[in-house]
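[1] got a structure for you, letters missing:
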């Protein structure tokens, strides 16, 4: 088993990398925050996991959207869908295709929830343009 040495960086470097990756992923400037929860999110989730080589942000976003749909976390999926559109990782047509695909793998009710949520995200995205 190989071990990524990305987590061997100094804590300040991990935090900088995490904040930069969070800003990149969400499409807005993320500044440092207080507490252990924020530290784990910035340092571990974004500074180590999202920053690894091997998958693009788009790849990770697709996997995350599927996981969020399967776990009924539509509110969090809405944030991810908006960021994916804003960053140009996914198009409105691709989001619609994702919701149809998910209907067959996470169930029609969950896929339908994603479909309608994506529709709202797409509408908001188009308004901004």
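    Great, that's in hand. A quick note: this is a predicted structure, and the numbers were derived from the prediction, not measured. Numbering: from 1, shown residues only.
[2] how is the chain carved up into domains?
    Structural domains assigned to the chain are 11-49, 57-128, following the TED database.
[3] now mean neighbour count and mean pLDDT too, for those, in JSON lines please.
    In short, each C-beta sits where N, CA and C put it, glycine included. As requested, the domains of the chain are exported to JSON lines (neighbours: other Cβ atoms under 10 Å; pLDDT from 0 to 100):
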{"stretch": "domain 11-49", "mean neighbour count": "15", "mean pLDDT": "94"}
{"stretch": "domain 57-128", "mean neighbour count": "16", "mean pLDDT": "97"}
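[4] tell me where the longest helix sits in the chain.
    Of all segments of type helix in the chain, defined using DSSP state H, the longest is helix 108-128.
[5] what packs against that helix?
    If contacts are counted by 3 or more Cβ pairs under 8 Å, 6 or more residues apart in numbering; DSSP states H and E, helix 108-128 sits against helix 57-70, helix 74-86, helix 92-106.
[6] possible to save the ones you listed as JSON lines with distance to residue 123?
    Putting the helices and strands packed on helix 108-128 into JSON lines (distance: least, Cβ to Cβ, whole Å) gives the following:
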{"stretch": "helix 57-70", "distance to residue 123": "18"}
{"stretch": "helix 74-86", "distance to residue 123": "11"}
{"stretch": "helix 92-106", "distance to residue 123": "9"}
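[7] nearest to residue 117 among these would be which one?
    Closest to residue 117 of those, according to Cβ to Cβ: helix 74-86, at 5.3 Å.
[8] what helices and strands are in contact with the closest one?
    Applying 3+ Cβ pairs under 8 Å, 6+ apart, one finds that helix 74-86 makes contact with helix 11-26, helix 57-70, helix 92-106, helix 108-128.
[9] go through the ones you listed and name the closest to residue 42.
    Closest to residue 42 of these, according to Cβ to Cβ: helix 11-26, at 3.8 Å.
[10] so how far is that closest one off the chain centroid?
    14 Å (Cα atoms, centre = their mean, to the nearest Å).
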